[in-house]
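Trainee: Any chance you could fold what I've pasted below:
(chains A and B)
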Amino acid sequence: MQHSKTQDTLVGLFVASGIAALFYMAFQVSNLGNYTGGDTYTVIARFQNSGGLKVKSPVSVAGVKIGRVTSISLDRESHESIVEMHIESKYDNLPDDSGASIYTAGLLGEKYVSIDPGPGISGQFLKNKSKIENVSSAIILEEMIGKFFLNKAEGK
Amino acid sequence: MLELLANLGKNTRSSFAKLGRAFYFLLHTVSGIGDVMLRPSLIIKQLYSVGVLSFLIISISGLFVGMVLGLQGYYILTDFGAAESLGLMVAASLVRELGPVVSAILFAGRAGSALTAEIGLMKATEQLSGMEMMAVDPIRRIISPRFLAGIISTPLLAALFSSVGIMGGHLVGVSMLGVDDGAFWSQMQATIDFQEDIINGVIKSVVFGFVVSWISLFEGYDAIPTSEGVSRATTRTVVNSAFSILGLDFILTALMFGDI
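Mentor: This is a model prediction of the structure:
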């Protein structure tokens, strides 16, 4: 009987540590730890070029993450990129004249959308399905280098 | 020439027969799982011999694999000035591939071979026939609990392997080589997705546990009941398990992460 009891204990320990390892991976290793299950609202922005932005890229204000990009599609008429993002409902006081820009975290880091709160002249806030009008596109490194060399050559 | 063809035909016939036996064996085993669950003491005993006894080898191997990943990754990533991505590299390779695969191969070597030898010897010493004489179904009484225990323990062992490995990578990368602690974790958390990476890793290890348990139990049950037959069956278990794990891993990876 004693033997069976220690066996029970050891099996219990094994199963508990296995489950603990799963939880460790879920919360310490994956993005579940900073997962926000709360309500979100959708905001749409149209960019000339959303180069490098991906679904699930972060959306931030002043460096604080407030949401994620949920879909990127191409407008068939204007050939613009339509970026939809979900923003957490608790940040419901962004002025509707805010601007959106695509930046890169570091030189080679991932792209993210940064929302710059506007002056709020109309007194309205961004709501579900609001469009952000004031946008600036992703900076493409190759384009910039190309322009730089072009300017250099012309300057000669 | 005709001899060669006859041999080929004979081999084909016998491998088909074996495959058929393996499938019937699997059906019979799975049908016994319900009975086994009503008698949990049978599973506890097998979880002990299959899971608890593999615990140490899995955690120590995981630690070393993680430490090697940390060391190698650091030297490669510093060349690109991206040493901060070390945590991401270690975690992604462990959670997606190395955790499930290496722990399943170790499991096949540690527990699968033991299962084959045990069942094979039971057959050789006619214990299985003895049970049948007493109207006890040996597959339900002996095989099903071991099968279930194998499927339960592999995902737990794989999770242990990955977590210990990540700690090992952290130990080498952050404590010894001086990668920034915050960047190590934050890059990892920003990229590793719970559903995409961790759940898929768990699914992989359940599949591997299924296959390894099936192969090792069937090889034992199907072994020629002599000492040589059992030794051959044990070898086949380890070889076939390793092949199936690596082959299946490619297929599963293509299905889960690739756009095939």
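
Trainee: Spatially central residue in chain A, please.
Mentor: Nearest to the mean C-alpha position of chain A, counting by CA atoms, centre = their mean, stands A:P58 at 1.3 Å.

Trainee: Ramachandran coordinates for that residue?
Mentor: Here is the backbone geometry of A:P58 (degrees, to the nearest 10): phi -70, psi 150.

Trainee: which residues touch it?
Mentor: Listed by CB atoms under 8 Å, 6 or more residues apart in numbering or on different chains, the contact set of A:P58 reads A:K65, A:G67, A:R68, A:V69, A:Y112, A:V113, B:A190. Heads up, the C-betas are built off the backbone N, CA and C, glycines and all.

Trainee: if you set the cut-off to 6 Å instead, what comes out?
Mentor: Neighbouring residues of A:P58 by CB atoms under 6 Å, 6 or more residues apart in numbering or on different chains: A:K65, A:Y112.

Trainee: What strand or helix carries A:S78?
Mentor: Counting by DSSP states H and E, A:S78 is held by no secondary-structure element, helix or strand.

Trainee: any idea how far it lies from A:L53?
Mentor: A:S78 is 18 Å from A:L53, where distance means CB to CB, to the nearest Å.

Trainee: between these two, who's got more neighbours?
Mentor: Per other CB atoms under 10 Å in any protein chain shown, whichever of A:S78 and A:L53 has more neighbours is A:L53, with 22 against 10.

Trainee: Can I take it that the more buried one is in a strand?
Mentor: No: judged by DSSP: H, G, I helix; E, B strand; the rest coil, A:L53 forms no part of a strand; its state is coil.

Trainee: how much space between it and A:V59?
Mentor: With the distance defined as CB to CB, A:L53 ends up 10 Å from A:V59.

Trainee: Identify the residues contacting the helix or strand of chain A with the lowest mean pLDDT?
Mentor: Lowest on mean pLDDT, DSSP states H and E among the helices and strands of chain A sits strand A:134-136, with a mean of 78. The contact list for strand A:134-136 (CB under 6 Å, 6+ apart) reads A:A45, A:F47, A:G99, A:A100, A:S101.

Trainee: Which helix in chain A has the most residues?
Mentor: Longest helix in chain A by number of residues (criterion: DSSP state H): helix A:2-24.

Trainee: Which pLDDT value goes with the closest residue to chain B within chain A?
Mentor: Closest residue of chain A to chain B, CB to the nearest CB: A:G18 (2.6 Å). For A:G18, the pLDDT comes out at 91.

Trainee: Quick check: which element contains the residue in the stretch 101-250 of chain B positioned nearest to chain A?
Mentor: Closest to chain A within the stretch 101-250 of chain B is B:L156: 2.6 Å, counting by CB to the nearest CB. Assigned by DSSP H and E, B:L156 belongs to helix B:144-170.

Trainee: Let me know whether B:P145 touches B:L47 as I believe.
Mentor: No: with contact defined as CB atoms under 6 Å, B:P145 does not count as touching B:L47 (9.0 Å).

Trainee: still on that earlier bit, how many residues are close by the residue of chain A closest to chain B?
Mentor: 22.

Trainee: Can you tell me the closest non-neighbouring residue to it?
Mentor: Closest residue to A:G18 apart from its sequence neighbours, by CB to CB, 6 or more residues apart in numbering or on different chains: B:L156 at 2.6 Å.

Trainee: In a helix, A:I102, correct?
Mentor: No: per three-state DSSP, A:I102 lies outside any helix segment and is strand.

Trainee: Surely it touches A:I140?
Mentor: No: A:I102 sits out of contact with A:I140 when judged by CB under 6 Å, with a separation of 10.0 Å.

Trainee: Pick out whichever of the two has more residues nearby.
Mentor: A:I102 (24 against 13).

Trainee: got a list of what the closest residue to the more buried one other than its chain neighbours touches?
Mentor: Spatial nearest neighbour of A:I102, chain neighbours left out: A:A138 (3.9 Å); criterion: CB to CB, 6+ apart. Each residue near A:A138 by CB under 6 Å, 6+ apart is listed here: A:N49, A:S50, A:G51, A:G52, A:I102.

Trainee: Can you read off the pLDDT for the second one?
Mentor: A:S50 is assigned a predicted lDDT (pLDDT) of 79.

Trainee: what's the answer for A:N34, then?
Mentor: Note on A:N34: pLDDT of 60.

Trainee: right, and the helix or strand after the lengthiest strand in chain A?
Mentor: For chain A, the longest strand by residue count, based on DSSP state E, is strand A:64-74. Reading on from strand A:64-74 to the C-terminus, the next helix or strand found by DSSP H and E is strand A:81-88.

Trainee: now that next one against strand A:64-74, angle please.
Mentor: Angle, strand A:81-88 to strand A:64-74, by axes from the mean of the first three to the mean of the last three CA atoms, to 10 degrees: 150 degrees.
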